[in-house]
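# need a 3D model of the following:
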Amino acid sequence: MQLDFRVLDGIQQILDSGEAYWLPEPLSANCTPPQTAPLSMTFASRNVPLATIALYDDMETMHCDLDRFDLRGLAGSGSLLHMGGLHTAELLDRLPEGTTIGSLSLLFAYRSPDEEWKRLVAHELVHALQFLQWDVSSTAAIYPYVAFLQEGTARYSEHALGFLEDFALRSAGPVSIWLAEGLDLRKAPEFLLYGIGASIVDALVRRRPPDVLWSALSGPCRSAIKNWFFASWFSCDAAFADAYGLSWDAFLDAWSSEAAAVVPPTGAELVYRWLHDAYGLRSRLLEPLLSAEVVDWIDRVEEAIYAGMAEPSQLDELDDILRAASGQPTPDVFEALHEREATVIDYARERAGAVGQVAEVLRLGILARRGDVAAEEYVRAFVDVVNVYVPIAVQQPMDR
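Model (predicted):
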């Protein structure tokens, strides 16, 4: 795969520079302050750092700070931290005294023991650039598929920068499997957001150099106001047609035909199943109820899946484990499940529509913490809602 995003030239330099980060010694205690470091990367005439990165040595702490358990990295506007938009009161309380965050964006990432954290940072840095050079919220109103371009450029960059291998296994293969079912982009499910986005971007950069796409999205497509007043000659559609020689709709028709023709490589079916049935998210939500040995085994299964070396029986076994999750309902387990309730609400109630079921989980949680019902009742309701409704949630269309 090629990479010629001019705006990304600095990312590899930052990732290769030991001076770009303050990397602490590994911290053993949970809920320790993340380490932050401003990046001296500026664009246009702004003399403001592009991003500040909070690197966490403990993923649980990051999830608790963000009140989200469905991610390993996040990018947001720097102002959102002080406005409370990222739910980071705990982070603010625990930052070292005198810490200031004056960058354009604030990035969060889990600093894994291997080089995986660099991939996460690269992905989130692309989003930081988008915040600066794209008007994502305005563009979304006129470009219904901007989410695919937003995540697609970030995921494609992971491949192009060498942090992710096997584009066919991770992205093109699962997308081809989904398209083989006769579905179109209007019904694209959330679990394929990154794969479809990367596939679309791949098709675009095979037609024109990558900077053409970025220029279009940071030029005429950047302003909804300009599109409104100058639609006849300044619209996003006009800019896309001028850059690629066909309309956006015509491109999507061509892309869907090309993507559907891809022969899924060995193992793509299991990648598709892993995403479709939300095994990763279900595992993170139920982790407090699993032994350390089982959690390590799940990590190995995930690695095997994305290496194309897993067996269907491993996912069958994992499904059984998750549905039977119980564990000891200690105070620490109660607290860990309570931390996860916001993510369960987001997926099971808001996306899958399980209003009554989630309400029952929350009710039992309150009663169990007071000692008014058996702890096992709450745990069983929590486990059942996660296993039944989280997969339904990720299978919902993006434009629901």
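
# ok, residues contacting the helix ranked longest in the chain?
Ranked by number of residues, the top helix in the chain under DSSP state H is helix 375-394. By CB atoms under 8 Å, 6 or more residues apart in numbering, the surrounding residues in contact with helix 375-394 are 189-191, 275-278, 281-282, 285-286, 289, 322-323, 325-327, 329, 333-334, 337, 344, 347-348, 351-352, 354, 357-358, 360-361, 364-365, 367-368. C-beta here means a position set from N, CA and C on the backbone, and glycine is covered the same way.

# mean confidence score for stretch 75-85?
Stretch 75-85 carries an average pLDDT of 57.

# picking that back up, just the buried members of the contacts of helix 375-394?
Taking 16 or more other CB atoms under 10 Å as the criterion, what is buried in the contacts of helix 375-394 is 189-191, 275-278, 281-282, 285-286, 289, 322, 325, 327, 329, 334, 337, 344, 347-348, 351-352, 354, 357-358, 360-361, 364-365, 368.

# in helices only, show me these.
275-276, 281-282, 285-286, 322, 334, 337, 344, 357-358, 360-361, 364-365, 368.

# any idea of the pLDDT on the most centrally placed residue in the chain?
Of all residues in the chain, the one closest to the mean position by CA atoms, centre = their mean is residue 71, 5.4 Å from it. According to the prediction, residue 71 has pLDDT 90.

# repeat that for residue 368.
pLDDT at residue 368 comes out at 93.

# surely it is in contact with residue 333?
No: using CB atoms under 8 Å, residue 368 is not in contact with residue 333; the gap is 10.7 Å.

# SS state for residue 182?
Counting by DSSP: H, G, I helix; E, B strand; the rest coil, the backbone at residue 182 sits in coil.

# count the residues that sit near it.
By other CB atoms under 10 Å, the residues close to residue 182 number 8.

# how about the backbone phi and psi for it?
Main-chain dihedrals, residue 182, degrees, to the nearest 10: phi 80, psi 20.

# and the pLDDT for it?
So, for residue 182, pLDDT stands at 76.

# residues contacting it?
Residue 182 neighbours (CB under 8 Å, 6+ apart): none.

# outline the domain layout of this structure.
6-114, 136-260, 268-394 (automatic domain parsing).

# same list, those domains, but as a markdown table with distance to residue 124 please.
Below are those laid out as a markdown table (distance: least, CB to CB, whole Å):
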| stretch | distance to residue 124 |
| --- | --- |
| domain 6-114 | 4 |
| domain 136-260 | 8 |
| domain 268-394 | 18 |
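
# what's the closest of these to residue 127?
Closest approach to residue 127 among these (CB to CB): domain 6-114, 3.7 Å.

# ok, then the element right after the helix or strand of the chain with the lowest mean pLDDT?
Of all helical and strand segments in the chain, the minimum by mean pLDDT, DSSP states H and E falls on strand 35-38, at a mean of 40. For strand 35-38, the following helix or strand on the C-terminal side (DSSP states H and E) is strand 51-56.

# how about that following strand as PDB, C-alpha atoms only?
Output in PDB follows, covering the C-alpha atoms of strand 51-56 (Å, rounded to 0.1, in the frame of the first residue of the first chain):
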ATOM      1  CA  ALA A  51      -2.200  17.400  20.200                       C
ATOM      2  CA  THR A  52      -1.500  16.400  23.800                       C
ATOM      3  CA  ILE A  53      -1.400  12.600  24.300                       C
ATOM      4  CA  ALA A  54      -2.400  10.900  27.500                       C
ATOM      5  CA  LEU A  55      -0.700   7.500  27.500                       C
ATOM      6  CA  TYR A  56      -2.100   5.000  30.000                       C
END
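
# ok and the helix or strand that that strand is followed by relative to helix 279-286, angle-wise?
Per DSSP H and E, the first helix or strand lying C-terminal to strand 51-56 is helix 59-66. With axes from the mean of the first three to the mean of the last three CA atoms, to 10 degrees as the basis, helix 59-66 and helix 279-286 are set at 80 degrees to each other.
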